[in-house]
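Asks: Generate coordinates for the sequence data below:
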Amino acid sequence: MTDRLEPRLRSALGTAATRAPQAPARFSAEVVLRSRRRRTRRHALVAGVCVVAVAVPVAVTVTRDTGGGGIAAVVTATPTAFEDPLRNPDPVGKRLTIDNPSEGRPLSLWYARARNGATVFCRKYTSRTGGGTEFCGEGPVIDGAEATDQGSTESFPPPVTGKVLHYGTAQAGIARVVAVREGGGRATGTLRTPQGAPQAIWTVTVSADEPVTAFEFLDGLGRTVKRIERQPPVFPETDAKPVGSTVEMPGGLVVGLYETPDRSLIWKLGGRAVAMNTLSPGGPLTDMGGRPMKAELREHEDRWFGITGAGTARVALVLRDGTTVTADTRPEPWQAGDFRMFAGTQRRTDDIYAEGFELVGYDRDGAELWREDHGPTR
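Replies: Reported below is the predicted structural model:
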């Protein structure tokens, strides 16, 4: 599987640290922060398998971002007998489904009633590569709050589209929401109230290059009713230094090995990170079950790149209209695993996953070694 979500989910499950609420008193738990690598882009469903449904020897409750840009994972050593009030909450009103500007795929937001009577906020994400997940959060507390910040699509590396969506809740007295960006810029958001919903849902889209430091909520007269201060997330990979030398690849890409502390390949374009491959302790090309993968593909604009097995000398990208582009593989210089790297460009589309494609590997004699079909995701 080449879905970029899969290695992040594998890494997260490897440490039993996926998404979860701030630790309730009833848990004996360890709270762990992870960057996007383990956030699984906050939506840890890969190829239709939801984290909540994965059988692992730990108890993991999936809910929300911590607000610090990472993920709070509440992990218990053994399954507990309590009944989670967030399990299968009852929807309140219809879902708001919009285009997620970070993925170019649908995003659904809605309210639900937990078994303890509290109103909770729910999301359903779909990634451009076909993965996704659905979950509800414990906080910030919605009931009684004029407005809340419920999360965003911020990540490292930034979304391929260069856009980040922020979202939250607002009571009836709120007429406008404004995001205050780092440096003083402001962006006005949108408020929508789905049929039957107890409150409005607000969204604001900003450039990934302009972190948001606060949200202001105004009434119909333009008066500020509430201001929520926000600390933009800090990802350790942002300022990390490569281990050893970096490698220049086709398309202007530069790839290096980083330890933050997990070992990852970070791909950069013009000095900016655009993608990464997490090198699993079980091997750089293994899936969640420890099974070998043929390749791990990444894409950015018209570039396609990634890693594949040591026996693959050339990789071909075959688009749905028959357009075929190839890339020779190169050895990795860090002795970080049994893999080779590849990179190429294609001018056909800026979203290869939308219409689907095939990825094909060949040996040095031109014989086909493997073939993967990726169906359309939009």
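
Asks: any idea how far the residue nearest to residue 287 when sequence neighbours are not counted lies from residue 312?
Replies: Leaving aside its chain neighbours, residue 287 sits nearest to residue 293 (5.6 Å; criterion: Cβ to Cβ, 6 or more residues apart in numbering). All C-beta spots, glycine's among them, are computed from the backbone N, C-alpha and C. Using Cβ to Cβ, to the nearest Å, one obtains 12 Å as the distance from residue 293 to residue 312.

Asks: how much space is there between the residue nearest to residue 287 and residue 127?
Replies: In terms of Cβ to Cβ, residue 293 sits 17 Å off from residue 127.

Asks: Domain parsing of the protein, as residue ranges.
Replies: Domain ranges of the chain: 5-76, 90-229, 247-374, per automatic domain parsing.

Asks: Please work out which of these is packed deepest.
Replies: With neighbours taken as mean count of other Cβ atoms under 10 Å, the domains of the chain reach their highest mean count in domain 5-76, at a mean of 20.

Asks: In CSV, list the C-alpha atoms belonging to the helix or strand hosting residue 177.
Replies: In the assignment (DSSP states H and E), residue 177 maps to strand 176-181. This file holds the C-alpha atoms of strand 176-181, laid out as CSV (Å, rounded to 0.1, in the frame of the first residue of the first chain):
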residue,chain,number,x,y,z
ARG,A,176,-19.0,36.5,12.4
VAL,A,177,-15.7,34.7,13.1
VAL,A,178,-12.3,36.1,12.2
ALA,A,179,-8.9,34.3,12.3
VAL,A,180,-6.0,36.4,13.4
ARG,A,181,-2.9,35.3,11.6
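
Asks: wait, isn't the residue nearest to residue 287 in contact with residue 283?
Replies: No. Counting by Cβ atoms under 8 Å, residue 293 does not reach residue 283; the two are 9.1 Å apart.

Asks: Give me the residues contacting stretch 160-168.
Replies: 100-104, 107, 109, 121, 123, 128, 147-154, 158, 179, 189, 201-209, 212, 215, 274, 299-301 (Cβ atoms under 8 Å, 6 or more residues apart in numbering).

Asks: next one: that stretch to chain centre, how far?
Replies: Chain-centre distance of stretch 160-168: 11 Å, with Cα atoms, centre = their mean, to the nearest Å.

Asks: Any figure for the gap between the closest residue to residue 328 other than its chain neighbours and residue 274?
Replies: In this structure, residue 328 finds its nearest non-sequential neighbour in residue 314, 5.4 Å apart by Cβ to Cβ, 6+ apart. As judged by Cβ to Cβ, residue 314 and residue 274 stand 23 Å apart.

Asks: okay, and for this structure, where does confidence drop off?
Replies: Confidence mapping of the chain against pLDDT under 70 gives the ranges 1-87, 138-139.

Asks: Quick one: the helices in it, in order.
Replies: 5-14, 36-39, 352-355 (DSSP state H).

Asks: Quick check: residue 181 touching residue 214?
Replies: No. Using Cβ under 8 Å, residue 181 is not in contact with residue 214, being 9.1 Å away.

Asks: Ramachandran angles for residue 347?
Replies: phi -110, psi 0 (degrees, to the nearest 10).

Asks: Tell me which residues touch the closest residue to it other than its chain neighbours, please.
Replies: Spatial nearest neighbour of residue 347, excluding adjacent residues (Cβ to Cβ, 6+ apart): residue 302 at 5.9 Å. Counting by Cβ under 8 Å, 6+ apart, residue 302 makes contact with 251, 345, 346, 347, 350.
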